[in-house]
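>>> the following block contains a protein sequence and its predicted model.
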Amino acid sequence: MSYRTAGSLRSVTLDDVRGAQKMLSGVARATAMEGSRHLSQLVGAPVHLKCENLQRTGSFKLRGAYVRIAGLLPEERAAGVVAASAGNHAQGVALASSLLGVYATVFMPQGAPLPKVSATREYGAEVRLHGQVVDETLAAAEEYAAETGAVFIHPFDHPDIIAGQGTVGLEILEQCPEVRTVVVGVGGGGLAAGIAVAVKALRPDVRIVGVQAEGAACYPPSLAAGRPVSLDSPATMADGIKVGRPGEVPFGIVGELVDEVRTVSEDQLSAALLLCLERAKLVVEPAGAAPVAALLAAPDGFEGPVVAVLSGGNVDPLLMQRVLRHGMSAQGRYLAVRLRLTDRPGALATLLGALSVVDANVLDVSHVRTDPRLGLTEAEVELHLETKGPAHCAEVGQALRDAGYTVID
């Protein structure tokens, strides 16, 4: 399916992207491209992973931020720059500014993961925590820019940003000249737009597929309406693509050059992150795993060779723990059950014995004996189990029922 917007004009050209590539020489890495045997077997064609999670600062964002700041006039540089971000853009702006000798102030939400806040400071930016959500943080950064004269560095809605991100597309064609499909995560659209400009100019036959999280899919309704449409409350674990409204500049490019935008569920994102970790040995954040989630969701829907862009690897360890557990649950490899049993000596040991018979590995046990909901001789137990797949989950459930236990929903 191809989308077009009335009167859309490309504001970024191949020459812009090539110029950005020269500017980024010695600054951004030409990241590795790794083949995935597992995904290739699943799709029935070669699948390669473009590892922007291994880029400096852990994501592609350095590319666009550096090009944008490097293009400022001397008087603009002297005034400093300001940005708003929950993580990846913040780190990209911080490092780019440091390399260029420009003072940077970065506004981040008060609940931003501590590793991302620390990394942004270590790259040389002044960090100011403001607001609970990115929209509040963005407003604070824009107010700061108006008051101080600092140049606001937008995360995706600027031609220089898009040109910088487009260098990923040039590298894809250099590393995999036989590519037929490029799959890329989409938030505001800067990365997808940049890749599309570069790839379509040189290989118009290559199909570009964008991927959004279902809970933050602002592009499908926007493309259908022919103009950027805002979502009321985007919600997804993939904070790197959690954007409520497409950028004006990337929207026109995506509408003209991106062939399709798909959506993936939270379960599919979790499963993709788990696959990247287990099979590819790559730490990838949920937004970066979105292209892999799309391949897992519809493996027959992509012409190969396929390049999936792993856009970032900045994931908070606590979130990683939750997402991995969610992914294991979605694959039937993790099971949480809650049940009641008679509160007598040996009752818990008997329960664990019933689970050992079906080879269910107990990860955690919560044993509650005093609760108003419980009878005088009752206890409630919540078990977290490592299982071997959906069939094994069913076997565990049946074993509990055969042993006389009633599982509480």
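Structure received. No experiment lies behind these values; they were computed from the predicted model shown. Numbers count the residues shown, from 1 in each chain.
>>> which parts of stretch 87-99 are buried?
By 16 or more other CB atoms under 10 Å, the buried positions in stretch 87-99 come out as 87-97, 99. For the C-beta atoms, the positions are set from N, CA and C on the backbone; glycine is no exception.
>>> likewise for stretch 382-399?
Going by 16+ other CB under 10 Å, stretch 382-399 has these buried residues: 383-385, 387-388, 392-393, 395-396.
>>> picking that back up, a markdown table for the buried residues of stretch 87-99, including pLDDT and secondary structure?
Output for the buried residues of stretch 87-99, formatted as a markdown table (pLDDT from 0 to 100; DSSP: H, G, I helix; E, B strand; the rest coil):
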| residue | pLDDT | secondary structure |
| --- | --- | --- |
| 87 | 82 | coil |
| 88 | 92 | helix |
| 89 | 94 | helix |
| 90 | 94 | helix |
| 91 | 95 | helix |
| 92 | 97 | helix |
| 93 | 97 | helix |
| 94 | 97 | helix |
| 95 | 97 | helix |
| 96 | 97 | helix |
| 97 | 97 | helix |
| 99 | 97 | helix |
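>>> quick one: secondary structure of residue 276?
Under DSSP: H, G, I helix; E, B strand; the rest coil, the three-state class of residue 276 is helix.
>>> circling back: farthest-separated two in the buried residues of stretch 382-399?
384 and 395 (17.1 Å; CB to CB).
>>> looks like residue 81 contacts residue 100 (just checking).
No. Between residue 81 and residue 100 there is no contact under CB atoms under 8 Å: 9.3 Å.
>>> more crowded one of the two?
residue 81 (26 against 16; other CB atoms under 10 Å).
>>> quick one: contacts of stretch 62-77?
Identification of contacts with stretch 62-77 by CB atoms under 8 Å, 6 or more residues apart in numbering yields 20, 23-24, 27-28, 55-56, 81, 83, 89, 91-93, 95-97, 99-102, 151, 153, 156, 158, 160-165, 167-168, 190, 194.
>>> what about the residue nearest the centre of the chain, distance to residue 15?
With distances taken as CA atoms, centre = their mean, the chain has residue 287 as the residue nearest its mean C-alpha position (0.7 Å). Between residue 287 and residue 15 the computed distance is 29 Å (CB to CB, to the nearest Å).
>>> from the contact counts, what lies against the longest helix belonging to the chain?
Criterion DSSP state H: the longest helix present in the chain is helix 159-175. Contact here means 3 or more CB pairs under 8 Å, 6 or more residues apart in numbering; DSSP states H and E; on that basis helix 159-175 packs against helix 14-23, strand 33-35, strand 47-51, helix 61-70, helix 190-202, helix 248-257, strand 306-310.
>>> pull the number of nearby residues for the nearest residue to residue 138 once chain neighbours are set aside.
Computed as CB to CB, 6 or more residues apart in numbering, the closest residue to residue 138 that is not its neighbour in sequence is residue 84, at 4.3 Å. Per other CB under 10 Å, the neighbour tally for residue 84 reads 30.
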